[in-house]
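*Asks:* Here you go, sequence then predicted model.
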Amino acid sequence: MIENVRMDRWRTTRIGAWIAGPRSEPAPATGDLTAEAGRSAVRVLAVLAAGTSALVLPVLLRGAVMDAPTLRPALEMMLALFSLSAAWLLRAQFVASRRLRDLLLVSATLGLGLMTLCINALPAALDVSQSIFLAAAGVYGQLVVAAIFAGAAAIPADRVVPPPKHPTRVGMLLGVAPLASATLGGLLMSAFRLDLGAHVGATGEAFVIVLVLASTGLLVYAATLLGPESVRRCPDHGVTLLAIAGLLLAGADLCRLTMRTLPYGEVGIGTALRVLSGAVLLCAAVTLERRVRAREARAAALAERRRVARDLHDGIAQDLAFIAAHGPQIAAEMGDEHPVVVAARRALAISRSTISNLSDPAGATAGEALDAVAQELRHRFDVAIAVDAQIDGHVPSGVREHLSRIAREAIANAARHGQARNVLVSLRRVGGGVALRVIDDGCGIPVGDRGAIPEGFGLRSMRERAGALGGHLTVRQAPDGGTELEVVLP
């Protein structure tokens, strides 16, 4: 009784409620639904306001130019720092999720930062006069950044990258692509003496219109994909900020059509929109990075709770069970209400309840359970484990426990027998069911003479768990080596 009261008090504290979660999953109240609808409306209005500003301000303020020789380099350097910082923060999101969208976002922000630093900030700081090369490089680089950003928005949110040998090389190459394209475009326009900055001549004017409209269209397309997604995925302020940043960048591109190219000593509305978009992009990266850190903290807390539960089960609970097993003999000699018998039964019941609450808190989601498994096995086997759980709402505790044990066994097999160094765990909705996939980059599972995969105790156990839930398990060789295990539950 005393232990139960202590557990209840512990749950009422802020830390206890955060770790243990709610006791049950009540239906959302009408007030909660109304508040969530209001928050969704605010996100929609924010995206619409950003889009309106991006379209209207370049036209209304096309003549607003300020002569500021020292301010322009500072603003360009600020934008470069915003973008590079956002790329570094988004890298944590990709490492944790291994989603293709996150990889492209890292590449887009990195490319924007490098291009701004080399094409705009450094020439402005060194007071280099605007040339054919620099004007064309800015237009071509911005087009590639817009294309990568649009690709990130168009990629489904649950598309993951299989564990490669060097996961950062692809992102670095894509991040350098805008700067390389800017350099090639600048050299090409310089060779043809085609000035895209001063808008001199019909040919140069046509090139500018096509390139600027293309980059603007790609950015608006990305924003139209991310905006509705931020409303569907509740709440997702990071996606909303990404959509706003894309619209502001689109407005900055339109300034190339509504006003002449400004020398590095002048500041116009286009520069202001670009810096503002960089600030919003950094806010989005900070929001996503904080979400990753919060997930890691919850996973670490859940893993520690399970470790304590195992210690209790293997230690005190075993001794209490031994004492309780001799309870009938003691009761026969001293009576059923003997204090030793009553205390042993009560202590065993309390320990079992505590172990159950510690190992599987009611408020834990399937993603948090998989994160806890990854947190534990990552250090035990010295293997990189990425978890991408795209599941909205809670999964029943029984299903969640089976999925966690299947994932644990699959990761352990990949590390012990497959010598894998990278493991990817993904959980997503498929039709009306749930699909768990575990992919590794190890040596692969051995195949028999007739092409059959021999099943050991671990694989049979996973198949039995999947069958007990009405699902099925599939094991196959991954296309690039390693093993791919998939469990589909109805």
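*Replies:* Thanks, I have the structure now.

*Asks:* What does Gln390 show for phi and psi?
*Replies:* phi -110, psi 60 (degrees, to the nearest 10).

*Asks:* Let me know the pLDDT of it.
*Replies:* Looking at Gln390, its pLDDT stands at 75.

*Asks:* Val44 too?
*Replies:* Reported pLDDT for Val44: 68.

*Asks:* Over to Arg416?
*Replies:* 84.

*Asks:* same deal with Ala147?
*Replies:* For Ala147, the pLDDT comes out at 94.

*Asks:* Can you list the buried residues in the helix or strand that contains it?
*Replies:* Assigned by DSSP states H and E, Ala147 belongs to helix 132-154. Residues 132-153 are the ones in helix 132-154 that count as buried (16 or more other Cβ atoms under 10 Å). Using the backbone N, CA and C atoms, a C-beta is placed for each residue, glycine as well.

*Asks:* Relative to Ala369, how far out is Gly175?
*Replies:* Per Cβ to Cβ, to the nearest Å, Gly175 is found 34 Å from Ala369.

*Asks:* Confirm that Thr474 sits in a helix.
*Replies:* No: Thr474 is assigned strand when assessed by DSSP: H, G, I helix; E, B strand; the rest coil, not a helix.

*Asks:* which residue packs closest to it, ignoring adjacent ones?
*Replies:* Distance criterion Cβ to Cβ, 6 or more residues apart in numbering; nearest residue to Thr474, sequence neighbours excluded, is Glu486 at 4.8 Å.

*Asks:* so the one you found makes contact with Gly471?
*Replies:* No: look at Glu486 against Gly471 with Cβ atoms under 8 Å: they stay out of range, at 10.0 Å.

*Asks:* Neighbour count for these two, which is higher?
*Replies:* Neighbours per residue, other Cβ atoms under 10 Å: of Glu486 and Gly471, the larger number sits with Gly471, 22 against 19.

*Asks:* Give me the phi and psi angles of the more buried one.
*Replies:* phi -110, psi -170.

*Asks:* got the domain boundaries for this structure?
*Replies:* Here the domain assignment for the chain is 32-297, 315-359, 366-489, based on automatic domain parsing.

*Asks:* Same list, the ones you listed, but as TSV with distance to Arg307 please.
*Replies:* Putting the domains of the chain into TSV (distance: least, Cβ to Cβ, whole Å) gives the following:
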stretch	distance to Arg307
domain 32-297	16
domain 315-359	9
domain 366-489	8
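
*Asks:* hey, least reliable of those domains by pLDDT?
*Replies:* Among the domains of the chain, domain 315-359 carries the lowest mean pLDDT, at a mean of 64.

*Asks:* Break down the protein into its strands, ranges please.
*Replies:* Along the chain, counting by DSSP state E, strands occupy 66-67, 266-267, 384-390, 422-430, 433-440, 472-477, 483-489.

*Asks:* how about JSON lines for those strands, with distance to Arg193 added?
*Replies:* Below are the strands of the chain laid out as JSON lines (distance: least, Cβ to Cβ, whole Å):
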{"stretch": "strand 66-67", "distance to Arg193": "29"}
{"stretch": "strand 266-267", "distance to Arg193": "25"}
{"stretch": "strand 384-390", "distance to Arg193": "50"}
{"stretch": "strand 422-430", "distance to Arg193": "50"}
{"stretch": "strand 433-440", "distance to Arg193": "52"}
{"stretch": "strand 472-477", "distance to Arg193": "56"}
{"stretch": "strand 483-489", "distance to Arg193": "55"}
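
*Asks:* closest one to Thr287 among the ones you listed?
*Replies:* Thr287 sits nearest to strand 384-390 of all the strands of the chain, at 17.9 Å, using Cβ to Cβ.

*Asks:* buried sites along stretch 479-490?
*Replies:* Gly481, Gly482, Thr483, Glu484, Leu485, Glu486, Val487, Val488, Leu489.

*Asks:* List of residues touching that stretch?
*Replies:* 162-164, 399, 403, 406, 410, 414, 418, 420, 430, 432-445, 462, 466, 469-478 (Cβ atoms under 8 Å, 6 or more residues apart in numbering).

*Asks:* Residue nearest the middle of this protein, spatially speaking?
*Replies:* With distances taken as Cα atoms, centre = their mean, Gln93 lies nearest the centre of the chain, 4.4 Å away.

*Asks:* who touches that residue in this structure?
*Replies:* Gln93 touches Asp102, Leu105, Ala285, Leu288, Glu289, Arg291, Val292, counting by Cβ under 8 Å, 6+ apart.

*Asks:* can you check Leu257 too?
*Replies:* If you count contacts by Cβ under 8 Å, 6+ apart, then Leu257 has Pro58, Val208, Ile209, Val212 around it.

*Asks:* One more pass at 7 Å, please.
*Replies:* Ile209, Val212 (Cβ atoms under 7 Å, 6 or more residues apart in numbering).

*Asks:* any idea how far Ala250 is from it?
*Replies:* Where Ala250 is concerned, Leu257 sits at a distance of 12 Å (Cβ to Cβ).

*Asks:* likewise Ile391?
*Replies:* Taking Cβ to Cβ, one finds Ile391 at 33 Å from Ala250.

*Asks:* Looking at the two, which has the bigger crowd around it?
*Replies:* Shown here are Ile391 and Ala250; by other Cβ under 10 Å, Ala250 has more neighbours (27 against 16).

*Asks:* Can you verify my assumption that the more buried one contacts Leu218?
*Replies:* No: using Cβ atoms under 7 Å, Ala250 makes no contact with Leu218, being 8.5 Å away.

*Asks:* May I have the phi/psi pair for Gly432?
*Replies:* Note on Gly432: its backbone torsions stand at phi -100, psi 10 [degrees, to the nearest 10].

*Asks:* If we ignore the residues flanking it in sequence, what's nearest it?
*Replies:* Pro490 (6.8 Å).

*Asks:* same question, Leu194
*Replies:* Nearest non-adjacent residue to Leu194, counting by Cβ to Cβ, 6+ apart: Gly204, 5.5 Å away.

*Asks:* ok, now which ones touch that neighbour?
*Replies:* Gly204 touches Leu194, Asp195, Leu196, counting by Cβ under 7 Å, 6+ apart.
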